[in-house]
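> quick one, what's the 3D model for this:
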Amino acid sequence: MIIHKSFPGGNIQVNRIQGDDVFLVQELRDTEGWWFYWAFCVEGAQGRTVTFHFENQDVLGYWGPCVSRDDFQYEWLGAESKLDAQTFRMAFKESDEKVYFRLSFPYQLHHFERWAQTHAAHPQFQLQTLCSTERHRNIPLAWIGDPQDPKVVVLAARHHACESVASYVLEGVADEVIRQIAALHSFGIKVLLVPFVDLDGVEGGDQGKSRTPHDHNRDYIDAPIYQSIRALTTLLESHELLALVDFHCPWILGGINDYPSLVKANPEIYSELDRFGEILKGLSHGKIIYDGLHDVRAGEDWLPASPTQSTATAFALRLGAKLALTLEFPYFGAEVPITQNNAIAFGRRVGEALLKYFE
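Reported below is the predicted structural model:
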């Protein structure tokens with residue numbers, strides 16, 4: 001049996017193996033403090049029943065780990081596989097030559113590339129490169145809409161590398177915007193899609209959250225240290241920015257972290273944030289809904305009373321955006337398990353709400 005992290009997004013340290021018991025921890029790398037992201041692959045365990053013990057706090061969600069044989073389509077192993085918040089067990093089939101396990105549903109560069117290919121022939125979908133990263137990866141971006149339309153709406157994700165499930169929501173938003181491209185044009189708006197602000201962290205399997213000396217969503221400062229932020233801020237400063245929506249996942253689980261929510265960090269635009277929230281609430285249906293009950297305002301729960309000025313949303317407001325919004329989407333879900341499909345479906349409702357907001 002071999003346990004490794006040699007794949008996009010891999011993150012694990014194996015402490016020891018004793019028979020059919022594996023003891024391991026997530027790698028924090030340059031994260032300040034504790035975080036919970038992990039992903040590993042097991043090869044050569046056919047026919048064995050193996051118990052995996054995490055040794056650095058609680059890192060399992062309600063439905064056990066996410067599991068895949070091809071590292072593209074994933075499913076929950078199931079709540080019955082979870083022995084406690086640090087331990088799960090897997091009975092490997094004789095055909096299980098290679099099995100991937102992750103905290104939750106991944107969204108790597110190859111997921112985005114496959115999605116982008118489905119829209120490649122659309123005349124108002126243009127795939128470009130934002131910049132090259134510190135590790136020489138090309139960060140993709142996409143323009144949706146008529147290039148001549150003056151106003152720009154930015155949809156961004158993965159300021160924190162591990163927050164993968166939010167990327168499926170972003171994908172759903174983009175699907176809906178493309179479906180309603182005529183409405184977008186009627187508002188004089190084009191959309192800038194930035195799926196991986198921290199592409200190196202996403203592909204390298206970093207936590208990304210609380211990266212030292214600061215993470216990508218604290219880099220909207222006079223002299224950004226990350227190439228992606230320098231490139232994005234320079235690009236946006238040359239456009240008329242109408243809105244920015246930043247897609248995130250919250251704390252691992254519990255309470256408000258189990259439901260979609262809006263982070264209303266800036267009191268000066270509460271009226272706009274509330275209006276968008278009401279529109280989204282009215283459109284919510286399906287397995288995952290937004291009810292507005294778990295939103296956070298400045299000074300509530302984990303959110304500071306004074307807005308942090310180094311975030312993407314704060315930068316958007318400095319550029320004069322009408323709407324600057326963070327949307328949090330859970331890793332697991334509580335009553336209803338999160339899946340790739342219902343996260344995308346929820347994103348479509350967010351896209352529909354944005355278009356109604358711009359009316």
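> C-alpha only now, for contacts and for neighbours.
Will do.
> from Tyr290, how far out is Leu170?
Using C-alpha to C-alpha, to the nearest Å, Leu170 is found at 15 Å from Tyr290.
> tell me which of these two has more neighbours.
Summary of the neighbour comparison: Leu170 and Tyr290, criterion other C-alpha atoms under 10 Å, with Leu170 having more neighbours (28 against 23).
> wasn't that one part of a helix?
Yes. Under DSSP: H, G, I helix; E, B strand; the rest coil, Leu170 sits within a helix.
> wait, it touches Leu155, no?
Yes. Counting by C-alpha atoms under 8 Å, Leu155 is a contact partner of Leu170 at 7.2 Å.
> what residues are shared contacts of those two?
Counting by C-alpha atoms under 8 Å, 6 or more residues apart in numbering, the contacts common to Leu170 and Leu155 are Pro195, Phe247.
> what's the helix of greatest length in the chain in contact with?
Longest helix in the chain, counting residues (DSSP state H): helix 340-358. Helix 340-358 has contacts (C-alpha under 8 Å, 6+ apart) with 105, 165-166, 168-177, 183-184, 187, 275-276, 279-280, 283-284, 286-289.
> kindly write the PyMOL command that selects the buried subset of the residues you listed.
Buried residues among the contacts of helix 340-358 (16 or more other C-alpha atoms under 10 Å), as a PyMOL selection:
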select buried, resi 105+165+166+168+169+170+171+172+173+174+175+176+177+183+184+276+279+280+283+284+288+289
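> looking at the contacts of helix 340-358, which are in helices?
Checked against DSSP H, the contacts of helix 340-358 include these in helices: 165-166, 168-177, 183-184, 275-276, 279-280, 283.
> show me what contacts His239?
Pro150, Lys151, Val152.
> other residues contacting the host helix or strand of Arg114?
Using DSSP states H and E, Arg114 sits within helix 109-118. With contact meaning C-alpha under 8 Å, 6+ apart, helix 109-118 is reached by Phe72, Leu127, Glu171, Pro195, Leu199, Glu203.
> could you report the neighbour count for the nearest residue to the fourth one once chain neighbours are set aside?
If I follow you right, that is Pro195. Leaving aside its chain neighbours, Pro195 sits nearest to Ala157 (5.1 Å; criterion: C-alpha to C-alpha, 6 or more residues apart in numbering). By other C-alpha under 10 Å, the residues close to Ala157 number 27.
> repeat for Val336
Neighbour number of Val336 under other C-alpha under 10 Å is 12.
> my read: it touches Gly286, true?
No. Val336 is beyond contact range of Gly286, at 10.6 Å (criterion: C-alpha under 8 Å).
> the strands in the stretch 51-200 of the chain, which residues?
Per DSSP state E, counting those that start in this stretch, the stretch 51-200 of the chain carries strands over the ranges 66-68, 75-76, 82-84, 87-91, 98-102, 125-132, 138-144, 151-157, 189-194.
> just so I know, which of those lies nearest Leu253?
Nearest to Leu253 among the strands of the stretch 51-200 of the chain is strand 82-84; the distance by C-alpha to C-alpha comes to 14.3 Å.
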